[in-house]
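Enquirer: need a structure here:
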Amino acid sequence: MANPGMPTFDQLRIFLAVVETGSFAGAGRKLNRAVSVISYGVANLEAQLGLSLFDREGTRRPKLTVAGRAVLAEARAVSQGIDGLRAKVKGLLDGLEAEVSIAVDVMLPSERLGRVLRAFSAQFPTVTLRLHVEALGAIAALVLDKEAVVGISGPLSFGMEGIDHVEAGTVLMVPVAAPDHPLARQHPLPPGAGRDHIQLVLTDRSPLTAGRDFAVSSPRTWRLADLGAKHQLLREGIGWGNMPLPMIEGDLVAGTLVRLQMPDSTGGSYGFAGIWRRDTPPGPAASWLLDQFVASAEDGGVGFAKV
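Expert: Modelled structure (predicted):
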C-alpha cells in the first residue's frame, strides 16, 4: 500500500481557506491569490494525499468528501500549531519570555491567585507558567536560587540581601479552633490561655529562616509543612492556630471552626511583597504578573487590606 506524500503548509492553508469561505474564489480573495492558484494548490494537496477532498460534480460550491471531512480536523490542528509557533517566536524576538517561573506564599488566597493567573493566561497565551507554592522563607530561597524569577512572598523577605521588592497587600490572620476545643468553649479567654494548649504551626522548609518561630505563643506545638493539613487538623479539634481569613471564612459560617478572641494572640495582618533578584530583573511577562498582584491588592480584593 502506498504511503501518502508530504503536503506543504501552504497547501493546507489553501484547503482551509476554501472550506472557510465556501468557494475557490472566496479562498482566492482571502489569501490574495488567483483562483487558478487556489485550484492548483488543492489539486496538488489531493495528489500528495492520494485522496479527493472536494466533490466538485453537480454543484457550483465545493463540498467536502468523507475523506475531506476527516482531513479537515487534522489540517486545522496543524494550522493552529504553526500559528502558535509563530506567535511564540515573535514573542522571543520581541524579548518576551518563553517561560515564567513564580513562587507564591501559601497564605495568598487562592481566589486572588486564580484571578491574576487567569488574566496572565489571556494576556500571554504563548508563555509557559511554572508555579511553586511554598511557605515563609522558601519563596525567597527559590528566587535567590533562580528556581523562580519572581515571587509573592510573606514579610520575611523584606530587606533580604540581594532581593528587591514591591509591597503587594496583606491578608488578615485570625486564631481559630474547632467548636469543641476548650479554647472555643471558654469566654472570655484570659491572657496566656493559648499557652496551655497545642498550637499548630506552619514550618519553614528553607534554610533561610529554618528554626525560627513566627507568631508562636504556646510551648506546646505541632509543626506542619502543609497549610491544608493544618486546616484539616484544626477542624478535627487538634489544637488551635492562626489561619488566613479567606481560607476559613466558610468554616466560620458553617460553624466547623470558631474565631478565638485571644487578647494576646489576635493574629493580625500578614504582608505580601512581589520579589525578584536585584541582579536579574524580571522580563516583560513576569513584570506584568507582578504588576497585577500589586493592582489586585490596591483594588481591595476579598480578605485584603492596602499596605
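Enquirer: which element follows the one helix or strand Val42 maps to toward the C-terminus?
Expert: With the criterion set as DSSP states H and E, the secondary-structure element containing Val42 is helix 35-49. Scanning forward in sequence from helix 35-49, with DSSP H and E defining helices and strands, the next element found is strand 54-55.
Enquirer: what's the next secondary structure element after that following strand?
Expert: Helices and strands here follow DSSP H and E; after strand 54-55, the next one along the chain is strand 63-64.
Enquirer: any idea of the mean pLDDT for the following helix or strand past that next one?
Expert: With elements assigned by DSSP H and E, the helix or strand that comes after strand 63-64 is helix 66-93. For helix 66-93, the per-residue pLDDT values average out at 79.
Enquirer: specify the angle between helix 66-93 and helix 35-49 in degrees.
Expert: Angle between the axes of helix 66-93 and helix 35-49 is 100 degrees (criterion: axes from the mean of the first three to the mean of the last three Cα atoms, to 10 degrees).
Enquirer: any idea of the mean pLDDT in the helix or strand that helix 66-93 is followed by?
Expert: Taking DSSP H and E as the definition, the helix or strand that follows helix 66-93 towards the C-terminus is strand 99-105. Rounded to a whole number, the mean pLDDT of strand 99-105 is 94.
Enquirer: ok, the residue nearest to the spatial centre of the chain - contacts?
Expert: To find the centre residue of the chain, average its C-alpha atoms and take the closest one (Cα atoms, centre = their mean): that gives Leu117, at 4.1 Å. The neighbours of Leu117, taking Cβ atoms under 8 Å, 6 or more residues apart in numbering as the test, are 129, 131. Every C-beta, even on glycine, is put in place using the N, C-alpha and C of the backbone.
Enquirer: point me to the helix or strand that includes it.
Expert: Following DSSP H and E, one finds Leu117 within helix 110-123.
Enquirer: in that helix, which residues are buried?
Expert: With burial defined by 16 or more other Cβ atoms under 10 Å, the residues of helix 110-123 counted as buried are 112-113, 115-117, 120.
Enquirer: and for Gly194, the neighbour number?
Expert: Burial measure for Gly194: 23 neighbouring residues, criterion other Cβ atoms under 10 Å.
Enquirer: give the residue spans of this structure that score low on pLDDT.
Expert: Low-confidence segments of the chain (pLDDT under 70): 1-2, 58-59, 87-88, 90-94, 156-159, 205-215, 266-267, 298-307.
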